[in-house]
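Participant: fold the following, please.
(4 chains, ligands or ions: 2)
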Amino acid sequence: EGARVVTLSGELDLATAPELRERLHRVLADGCPLIVLDLDEVGFLDSSAIGVLVGTRRRARQADGEVALVCTAPRILRVLELTGLDRAFPTYPSLSEALAVR
Amino acid sequence: EGARVVTLSGELDLATAPELRERLHRVLADGCPLIVLDLDEVGFLDSSAIGVLVGTRRRARQADGEVALVCTAPRILRVLELTGLDRAFPTYPSLSEALAVR
Amino acid sequence: MSDEVAIDLPARVEYLNAVRSLLTAFAESTTDLPPSRVDDLCLAVTEAYVNAIDASRKHSEFGELSIRMCCHREGNAVIVEVTDHAGGFDPAAQTPPPDPTAPDRLQFERGLGIPLMRAVANVLEFESTADGSLVRLVLMPQRP
Amino acid sequence: MSDEVAIDLPARVEYLNAVRSLLTAFAESTTDLPPSRVDDLCLAVTEAYVNAIDASRKHSEFGELSIRMCCHREGNAVIVEVTDHAGGFDPAAQTPPPDPTAPDRLQFERGLGIPLMRAVANVLEFESTADGSLVRLVLMPQRP
Ligand SMILES: Nc1ncnc2c1ncn2[C@@H]1O[C@H](COP(=O)(O)OP(=O)(O)O)[C@@H](O)[C@H]1O
Ligand SMILES: Nc1ncnc2c1ncn2[C@@H]1O[C@H](COP(=O)(O)OP(=O)(O)O)[C@@H](O)[C@H]1O
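Facilitator: Numbers count the residues shown, from 1 in each chain, chains lettered A, B, ... in the order given. Ligands and ions are numbered 1, 2, ... in the order given. Sure thing, here's the model as predicted:
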């Protein structure tokens, strides 16, 4: 079975983190531990949303899965860099590159 | 020569009214006095923008032209109604209907 | 402990959009206004704020004046006050609003702000002093 | 006469988006910050505001506390202060930020707020009293 691509959009912060967490956990609950998160439509990302990404990846790995990120937007990449997420997560500059290695 | 369709978007208020005025006057200066203004992507309209529409229409009519409006969004239609613009301007629920009568 | 929103801003058009974001967040999180009335609220407050900016620009020779907006609810009424320091004006002395059906309707590019506020607010009050003006808008869930 | 922005809001997540709209309008109209630093400003202030909301929610048994944000410029420095009434805390007593390269990095779902503020602000200061906390962020056009 292949990876599931999840496209996120809008502003991801403490206000929207609960909804994000629920959405990603639902994907895991569907039995799909391979998630490619496309962040290119995301306008803002705070530490609350970073926490959700980290938590989702931990759960995915418990099921031998993985969470990969697709991101080119400088403002979002910067937050990933500052929090070390670009090194902790497989991070790709395009969806096709992320899917090529799945 | 046919009508020129101008699609407006974003929030039209005192902040963006000068830009709007300039854009519409440029169309008139191009020698095109028939303008169909598509308002369906507009998120907000205040009295400053209404003033620009009225001023543009007055200029267009001086050149035997006309300014017609296309609008279906309830929040924008309501402002047109409250200011009498839906009766003062030819106003249509779709672009095709506006163009059919040109 | 507070449901209130209060904001002091320079009299600049660049803030109009953010003022509406704030009003929308206030209205959606704290009041019973349905979406169409949230739109009305944004329209009325924009008109009040635009007048305050216009007047502040004319009044000040020294730089930017500030404008204050306060929002709170009382029961299901939403009350927004916009206060400027632009010298005040006489609301009763304003020319009457143009009749939208009059043949000379197309002469009016201005003078629509207060009539629009009046059309969407359940209560509209002005207080004017030598310092400036306060516009009080009260919106209920039902249109007036 | 004022370039200042001051806003009092209930401690609710629903306002975060509007706070960023406001900050962006302030930064773009009144400061010399380039776009990437406006992004940094929005990030840092969101983190400060998120902490203030978190703490206010835990602190208050009676209802919503309010949070104040003030923005002004001094030369080309942009200064934003976020003040809450959530009882204060000891910034020095916080566990150190997780090392992003540590193997246990993936255990940390929290504790990133203050490190992010520190990473993007040229100056970060806390003042804490029994009433609450003040976070002062200073951003210059150049990254620290
Ligand atoms: N806050 C204010 N301070 C001073 N004068 C004001 C204020 N609000 C309104 N006015 C006056 O009332 C007039 C009518 O306002 P309005 O109906 O909004 O139309 P407009 O602003 O387009 O002229 C304004 O032109 C202005 O002279
Ligand atoms: N304004 C505040 N009031 C009270 N406690 C605070 C405040 N800001 C931060 N703290 C404390 O500092 C800790 C670390 O904050 P931070 O680095 O932003 O991470 P996080 O908020 O994710 O825990 C918080 O968990 C909280 O205990």
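
Participant: in chain C, what secondary structure element scores lowest on mean pLDDT?
Facilitator: Ranked by mean pLDDT, DSSP states H and E, the weakest helix or strand in chain C is helix C:113-120, scoring a mean of 94.

Participant: close to chain B, is that one?
Facilitator: Yes - Helix C:113-120 comes into contact with chain B (C-beta under 8 Å from any C-beta of the partner chain), by way of C:113, C:115-116, C:119-120. Placement of C-beta: from N, CA and C, glycine included.

Participant: output the contacting helices and strands for that helix.
Facilitator: In terms of contact count using 3 or more C-beta pairs under 8 Å, 6 or more residues apart in numbering or on different chains; DSSP states H and E, helix C:113-120 is assigned the packing partners helix B:74-82, helix C:35-59, strand C:123-128, strand C:133-139.

Participant: in a markdown table: those, plus mean pLDDT and mean neighbour count.
Facilitator: Formatted as a markdown table, the helices and strands packed on helix C:113-120 follow (pLDDT from 0 to 100; neighbours: other C-beta atoms under 10 Å in any protein chain shown):
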| stretch | mean pLDDT | mean neighbour count |
| --- | --- | --- |
| helix B:74-82 | 95 | 19 |
| helix C:35-59 | 97 | 22 |
| strand C:123-128 | 97 | 15 |
| strand C:133-139 | 98 | 22 |
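
Participant: what's the closest of these to D:Leu43?
Facilitator: Between D:Leu43 and the helices and strands packed on helix C:113-120, the shortest gap by C-beta to C-beta is with helix C:35-59, which sits at 27.1 Å.

Participant: helix, strand, or coil at the residue positioned nearest the centre of chain A?
Facilitator: Ranked by distance to the mean C-alpha position of chain A (C-alpha atoms, centre = their mean), the top residue is A:Leu37 at 4.0 Å. Following DSSP: H, G, I helix; E, B strand; the rest coil, the label given to A:Leu37 is strand.

Participant: my assumption is that C:Glu109 lies in a strand; please confirm.
Facilitator: No - if the criterion is three-state DSSP, then C:Glu109 is coil and not within a strand.

Participant: who are the packing partners of whatever helix or strand A:Val52 lives in?
Facilitator: Using DSSP states H and E, A:Val52 sits in helix A:47-62. The elements that helix A:47-62 packs onto, with contact taken as 3+ C-beta pairs under 8 Å, 6+ apart, are strand A:4-12, helix A:17-29, strand A:34-45, strand A:66-70, helix A:85-88, helix D:35-59.

Participant: what is the orientation angle of the lengthiest strand in chain C with helix C:35-59?
Facilitator: Longest strand in chain C by number of residues, with DSSP state E as the criterion: strand C:66-74. Using axes from the mean of the first three to the mean of the last three C-alpha atoms, to 10 degrees, one finds that strand C:66-74 and helix C:35-59 are set 150 degrees apart in direction.

Participant: angle of strand C:66-74 against strand C:133-139?
Facilitator: What separates the directions of strand C:66-74 and strand C:133-139 is an angle of 30 degrees, with the same axes, to 10 degrees.

Participant: I'd like the next helix or strand past strand C:66-74.
Facilitator: Going C-terminal from strand C:66-74, and assigning secondary structure by DSSP H and E, you next hit strand C:77-83.

Participant: how far off centre is that following strand?
Facilitator: Counting by C-alpha atoms, centre = their mean, to the nearest Å, strand C:77-83 is centred 8 Å from the centre of its parent chain.

Participant: picking that back up, can you tell if the least confident helix or strand of chain C touches ligand 1?
Facilitator: Yes - using C-beta under 6 Å from any ligand atom, helix C:113-120 reaches ligand 1 at C:113-114.

Participant: what does stretch C:68-75 give?
Facilitator: No - remark: stretch C:68-75 sits outside contact range of ligand 1, by C-beta under 6 Å from any ligand atom, the gap being at least 12.1 Å.

Participant: low-confidence ranges in chain A?
Facilitator: Within chain A, the segments meeting pLDDT under 70 span A:1, A:102.

Participant: in it, what residue is nearest ligand 2?
Facilitator: With C-beta to the nearest ligand atom, the shortest gap between chain A and ligand 2 falls at A:Ser47, namely 5.8 Å.

Participant: just list the residues touching the spatially most central residue of chain C, thanks.
Facilitator: Nearest residue to the geometric centre of chain C (C-alpha atoms, centre = their mean): C:Ala48, 2.6 Å. With contacts defined as C-beta atoms under 8 Å, 6 or more residues apart in numbering or on different chains, the neighbours of C:Ala48 are C:80, C:82, C:113, C:117, C:135, C:137.

Participant: if we can go back for a sec, which among the residues of helix C:113-120 next to chain B gets closest to A:Val67?
Facilitator: The shortest approach to A:Val67 among these belongs to C:Val120, at 47.5 Å (C-beta to C-beta).

Participant: I'd like to know how far the residue lying closest to the closest one once chain neighbours are set aside sits from ligand 2.
Facilitator: When the adjacent residues along the chain are set aside, C:Val120 lies closest to C:Asp40, with 3.9 Å between them (C-beta to C-beta, 6 or more residues apart in numbering or on different chains). Using C-beta to the nearest ligand atom, to the nearest Å, one gets 36 Å for the distance from C:Asp40 to ligand 2.

Participant: surely C:Asp40 touches C:Leu137?
Facilitator: No - at 9.6 Å, C:Asp40 and C:Leu137 do not qualify as touching, with contact defined as C-beta atoms under 8 Å.

Participant: find the residues that touch each one of these two.
Facilitator: With C-beta under 8 Å, 6+ apart applied, the overlap between the contact sets of C:Asp40 and C:Leu137 consists of C:Ala121.

Participant: could you count how many residues lie near the residue of chain C found nearest chain A?
Facilitator: Closest residue of chain C to chain A, C-beta to the nearest C-beta: C:Ala25 (9.4 Å). Per other C-beta atoms under 10 Å in any protein chain shown, the neighbour tally for C:Ala25 reads 23.

Participant: what does A:Ala73 give?
Facilitator: The tally of other residues near A:Ala73 (other C-beta under 10 Å) stands at 15.

Participant: just give me the closest of the contacts of C:Ala48 to ligand 2.
Facilitator: Of all the contacts of C:Ala48, ligand 2 sits closest to C:Val80, with 28.8 Å by C-beta to the nearest ligand atom.

Participant: who touches the closest one in this structure?
Facilitator: With contacts defined as C-beta under 8 Å, 6+ apart, C:Val80 is in contact with C:23, C:41, C:44-45, C:48, C:69-71, C:136-137, C:139.

Participant: what's across from it in the sheet?
Facilitator: Per DSSP bridges, residues listed as beta-bridge partners of C:Val80: C:Cys71, C:Leu137.

Participant: now do it against A:Leu39, distance only.
Facilitator: When C-beta to C-beta, to the nearest Å is applied, the distance between C:Val80 and A:Leu39 equals 37 Å.

Participant: kindly report the same for A:Gly51.
Facilitator: The spacing between A:Gly51 and A:Leu39, counted by C-beta to C-beta, is 15 Å.
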